[in-house]
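In: Generate a structure from the sequence data that follows.
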Amino acid sequence: MTFKNQLRTQAALHPTMQPQDVLKMCYQAAFGAEHLLVSEQAARDFLTHEWENTPGDSDEALYERISNEVCRLNIRAWKGQNLPMEWMLQLFLLSCKPLHNAQNRFFAFLGSVDALCAADGLPFGTEEWKAAKENYLREGVRPVHHSDSYRTAEKPAYRVMDTSFLRLLPLLLAAHTAKAKGGAKVIAIDGRAAGGKSTLARQFQQVTGAGVIHMDDFFLPADMRTEERLATPGGNVHYERFAQEVLPHLSAVDAFSYTRFDCSVMAMGSKVQVPAGDLRLVEGSYCCHPALGDYMDLRVFSDVTPREQLRRVQARDNAWLSQMYVEKWIPLEEKYFKAYAIRDRADLTV
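Out: Sure thing, here's the model as predicted:
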């Protein structure tokens, strides 16, 4: 979506937008959240104060895009959905990083505003915008506050977030509302190769502090890779060892460890420590294998189109490995998904 279209959407959602509010949107859209971070403690204190003074509203959208790279997380909606304030804080902190070519993008965004004003696509005219822009630029490119009229009418309450986390939001919401069978809540993310399972797991861990277990650590050893075993859907994962080393500990809040299989040397490797906590996530193909039972409180399927899957595999791996995925691993996965209706049984598909 172009910035011009996103600006049109913002003007429709917030008809009291003034030139100052558009300048703020252009700046945030170009520079992201980096300029907003003084310190983690200051960010926490400021959000806590705003959180306590902002009513929740579950009918509002969780976020609004202001560019392809940046969105605004809605505090009212977040609070209305009873999502933890800490998760919002972590999303904001993780988004406080420099954006590529921000200065040039900022001036390109100003040009989009020029064009939209000329087409009468904003709540104010070209002359009003031109005067506000020239006055702003005389003092240099810098962040600005919302206009008083916008604050009064729209009551903005949000945190800026990188859009790379948008795919995580449905998972956070589903994980928060899922009911735990035991002391710890357990989420399982199965899905297609190059579907973004590892990225989701990493982001989820960064935001929530969840302990993560990777199914890649349970690659089937060579001495078990018989024709009969590999002919069984999902047979190329060592689910027996997973059942022995992980399943008894997953739903307890205590720390535990398991041994990872090191594919680089095709042998058992180092111990993996899973910290104590009330949130656990298992990620990787075959983590929803029926042999493991119904251990999870939330089943997630990470999907990707065949075309995009091939593009990602080829971009990620060398020619030999990508060919191995195409000819061997992806067909084995698809056989497993079909045999056990893995996607159909998921509580959430992302």
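In: Provide a list of residues in contact with H238.
Out: Contacts for H238 (CB atoms under 8 Å, 6 or more residues apart in numbering) come out as 218-221, 224, 261. Glycine gets a C-beta too; all of them are placed from N, C-alpha and C.
In: Out of those residues, who's the most crowded?
Out: Neighbour counts for those (other CB atoms under 10 Å) peak at F218, which has 24 neighbours.
In: what are the ranges of the helices in the stretch 1-150 of the chain?
Out: For the stretch 1-150 of the chain, helices defined by DSSP state H, counting those that start in this stretch occupy the ranges 3-13, 19-31, 40-52, 75-80, 85-95, 102-118, 126-137, 148-154.
In: so which of those comes closest to V350?
Out: Taking CB to CB, helix 85-95 is the member of the helices of the stretch 1-150 of the chain nearest to V350, at 16.2 Å.
In: ok so, going back, let's have the helices of the stretch 1-150 of the chain in JSON lines, adding mean neighbour count, mean pLDDT and distance to M268.
Out: What follows is the helices of the stretch 1-150 of the chain, written out as JSON lines (neighbours: other CB atoms under 10 Å; pLDDT from 0 to 100; distance: least, CB to CB, whole Å):
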{"stretch": "helix 3-13", "mean neighbour count": "17", "mean pLDDT": "96", "distance to M268": "51"}
{"stretch": "helix 19-31", "mean neighbour count": "23", "mean pLDDT": "98", "distance to M268": "47"}
{"stretch": "helix 40-52", "mean neighbour count": "13", "mean pLDDT": "97", "distance to M268": "39"}
{"stretch": "helix 75-80", "mean neighbour count": "22", "mean pLDDT": "98", "distance to M268": "43"}
{"stretch": "helix 85-95", "mean neighbour count": "19", "mean pLDDT": "98", "distance to M268": "33"}
{"stretch": "helix 102-118", "mean neighbour count": "16", "mean pLDDT": "97", "distance to M268": "47"}
{"stretch": "helix 126-137", "mean neighbour count": "14", "mean pLDDT": "98", "distance to M268": "62"}
{"stretch": "helix 148-154", "mean neighbour count": "13", "mean pLDDT": "97", "distance to M268": "58"}
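In: Could you tell me how far the helix or strand harbouring V282 lies from the centre of the chain?
Out: Taking DSSP states H and E as the criterion, V282 maps to strand 279-283. What separates the centre of strand 279-283 from the centre of its chain is 15 Å, taken as CA atoms, centre = their mean, to the nearest Å.
In: Use 49 as the first number for this chain going forward.
Out: I'll keep to 49 as the first residue from here, and by that count the last item is strand 327-331.
In: Next SSE downstream of that strand?
Out: Next along from strand 327-331, by DSSP H and E: strand 346-350.
In: For that next one, enumerate the helices and strands it packs against.
Out: helix 217-225, strand 233-239, helix 245-256, strand 396-397 (3 or more CB pairs under 8 Å, 6 or more residues apart in numbering; DSSP states H and E).
In: and among those, the most buried is which?
Out: Across the helices and strands packed on strand 346-350, averaging neighbours per residue (mean count of other CB atoms under 10 Å) puts strand 233-239 on top, at a mean of 26.
In: for it, packing partners?
Out: Using 3+ CB pairs under 8 Å, 6+ apart as the test, strand 233-239 ends up in contact with helix 217-225, helix 245-256, strand 327-331, strand 346-350.
In: Make TSV out of these and add mean pLDDT.
Out: Shown next, in TSV, are these (pLDDT from 0 to 100):
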stretch	mean pLDDT
helix 217-225	98
helix 245-256	98
strand 327-331	98
strand 346-350	98
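In: Any chance of JSON lines for the ones you listed, columns distance to F385?
Out: Output for the helices and strands packed on strand 233-239, formatted as JSON lines (distance: least, CB to CB, whole Å):
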{"stretch": "helix 217-225", "distance to F385": "19"}
{"stretch": "helix 245-256", "distance to F385": "13"}
{"stretch": "strand 327-331", "distance to F385": "16"}
{"stretch": "strand 346-350", "distance to F385": "8"}
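In: Report the strands that pair with the strand holding V330, each with its relative direction.
Out: strand 233-239 (parallel), strand 259-262 (parallel) (DSSP bridges).
In: tell me the secondary structure for the spatially closest residue to S318 that is not a sequence neighbour?
Out: Excluding its sequence neighbours, the residue lying closest to S318 (CB to CB, 6 or more residues apart in numbering) is R308, at 6.3 Å. Assigned by DSSP: H, G, I helix; E, B strand; the rest coil, the conformation of R308 is strand.
In: Compute the distance between R308 and V208, please.
Out: To V208, R308 is 37 Å away according to CB to CB, to the nearest Å.
In: R240 too?
Out: For R240, the distance to V208 - CB to CB - is 31 Å.
In: Repeat that for A90.
Out: 15 Å.
In: Tell me which of R308 and V208 has more neighbours.
Out: Higher neighbour count among R308 and V208: V208, with 21 against 17, using other CB under 10 Å.
In: and the more buried one, that one's in a helix?
Out: No - read with three-state DSSP, V208 is strand and lies in no helix.
In: what number of residues lie near D302?
Out: 11.
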